[in-house]
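[1] Generate a structure from the sequence data that follows.
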Amino acid sequence: MTLQLDAPDGVGEIAAGTDLATEISAVLTLRDGDIVVVTSKVVSKAEGRVLPYHSALDRDAAIDGETVREVARRGPVRIVENRLGLVMAAAGVDISNLASGTLALLPEDPDASARRIRERLAETLDVNVAIVIADTAGRAWRLGQTDIAIGLAGLDAYEDFEGRVDAYGNELAVTAPAVADEIASAAELASSKLGARPFIRVRGLEDRVLERGAHGGGARPLQRSAAEDLFALGSRDAVVDALSRPEPWAPVGGVEDLARALSKGGFKSTSLEASRIRIEAEAPRDLWRAEVIAQVHGWRPGEVSGEFVAS
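    Residues are numbered from 1 along each chain as shown. Got it, this is the predicted structure:
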């Protein structure tokens with residue numbers, strides 16, 4: 001298989017109201033089955049999502065306006081879930097590759113933006129291409145950033161291999177390559193952060209492009225919900241969340257799991273039965289720490305001090 005990336009120079013400044021399909025067709029020759037990756041910054045510019053920026057207060061206000069949930073904070077760094085459901089630093093608010101004194105918000109609806117560009121290219125060039133709108137994001141447990149798909153049209157976001165059998169006869173259970181993210185990341189290698197090349201043609205994946213009129217489910221299927229996320233909060237924020245809950249978290253495991261956690265916290269415990277456990281606590285502070293450990297495992301204080309029961 002051969003994958004060809006083409007990120008042309010010569011793209012002029014994008015302003016509010018710019019027809020991105022016209023700009024794309026001016027620098028790229030397209031044919032059926034091509035995929036066009038568009039950086040989110042030019043989509044934001046074309047859609048008038050650029051705001052004045054005079055101080056850190058302006059940036060903080062913009063982040064607040066885009067935030068629905070704070071995931072973690074360390075000093076000035078804020079990891080949040082924005083109104084698009086994306087978890088990223090600063091809600092995706094950015095000041096790079098912009099005129100001095102301005103900042104950009106992410107597009108209002110990136111999937112809708114991708115559909116509009118795709119339909120416009122089909123109308124003006126009579127071609128069936130897929131559109132990926134890409135933005136840069138960090139990754140938990142890994143240094144550096146990579147581009148991900150935040151908007152998508154004409155392409156399935158991922159390929160589900162569940163139930164398929166590999167070459168050794170093993171049935172795959174949770175393998176689902178994030179195809180749209182992989183394409184966005186590959187395209188960034190060709191465009192580069194300082195290259196002023198916001199349109200990248202990806203050729204060689206024609207079999208993945210959906211038929212005309214079939215836009216697919218967009219990029220949203222790639223987002224993991226907070227309920228499914230084992231790391232939905234930063235460590236400090238998880239402690240605050242645990243202490244502020246009127247009821248314990250959902251159970252994590254049985255009595256053995258709680259016993260291990262209590263042991264890690266320095267407590268000796270005795271399993272009274274499958275749903276009750278007792279600890280030895282010499283001071284009120286020790287009992288309070290044990291209660292926190294129990295609560296985050298889905299257990300609550302029993303009738304006797306130092307005793308916990310499964311919720």
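
[2] quick one, strands of the stretch 151-300 of the chain?
    Ranges of strands within the stretch 151-300 of the chain are 199-203, 269-273, 276-279, 299-301, based on DSSP state E, counting those that start in this stretch.

[3] In the first one, which residues are buried?
    To tie it back to what came earlier, the one meant is strand 199-203. When burial is assessed from 16 or more other C-beta atoms under 10 Å, strand 199-203 yields the following buried residues: 199, 200, 201, 202. C-betas here are computed from N, CA, C, even on glycine.

[4] now the last one
    Neighbour-count burial for strand 299-301 flags 299, 301 (criterion: 16+ other C-beta under 10 Å).

[5] now that strand, how far from the centre of its chain.
    34 Å (C-alpha atoms, centre = their mean, to the nearest Å).

[6] How about stretch 139-148?
    Remark: stretch 139-148 is offset 11 Å from the chain centroid, using C-alpha atoms, centre = their mean.

[7] same thing with stretch 186-206?
    20 Å.

[8] If you average pLDDT over each of the strands of the stretch 151-300 of the chain, which is lowest?
    Among the strands of the stretch 151-300 of the chain, strand 269-273 carries the lowest mean pLDDT, at a mean of 85.

[9] Other residues contacting the helix or strand of the chain with the lowest mean pLDDT?
    Lowest on mean pLDDT, DSSP states H and E among the helices and strands of the chain sits helix 235-244, with a mean of 79. Helix 235-244 is touched from outside by 70, 71, 72, 73, 74, 233, 249, 292, 295, 296, with contacts defined as C-beta atoms under 8 Å, 6 or more residues apart in numbering.

[10] buried stuff in it?
    Buried residues in helix 235-244, counting neighbours by 16+ other C-beta under 10 Å, are found at 238, 242.

[11] just stretch 176-190 next, same as before
    Quick answer for stretch 176-190 (16+ other C-beta under 10 Å): 178, 179, 180, 181, 182, 183, 184, 185, 186, 187, 188, 190.

[12] Kindly reformat these as JSON lines and extend each row with pLDDT and distance to residue 41.
    Compiled in JSON lines, those are given as follows (pLDDT from 0 to 100; distance: C-beta to C-beta, whole Å):
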{"residue": "178", "pLDDT": "94", "distance to residue 41": "21"}
{"residue": "179", "pLDDT": "96", "distance to residue 41": "23"}
{"residue": "180", "pLDDT": "97", "distance to residue 41": "18"}
{"residue": "181", "pLDDT": "97", "distance to residue 41": "18"}
{"residue": "182", "pLDDT": "97", "distance to residue 41": "21"}
{"residue": "183", "pLDDT": "98", "distance to residue 41": "18"}
{"residue": "184", "pLDDT": "98", "distance to residue 41": "13"}
{"residue": "185", "pLDDT": "96", "distance to residue 41": "16"}
{"residue": "186", "pLDDT": "96", "distance to residue 41": "18"}
{"residue": "187", "pLDDT": "97", "distance to residue 41": "14"}
{"residue": "188", "pLDDT": "95", "distance to residue 41": "12"}
{"residue": "190", "pLDDT": "94", "distance to residue 41": "16"}
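
[13] Quick check: helices, which of those residues are part of them?
    179, 180, 181, 182, 183, 184, 185, 186, 187, 188, 190 (DSSP state H).

[14] Pull up the gap between the last one and residue 8, please.
    So that's residue 190. 10 Å (C-beta to C-beta, to the nearest Å).

[15] cool, and residue 156?
    For residue 156, the distance to residue 8 - C-beta to C-beta - is 27 Å.

[16] the domain parsing of the chain - what is it?
    With domains defined by automatic domain parsing, the chain comprises 4-228, 245-310.
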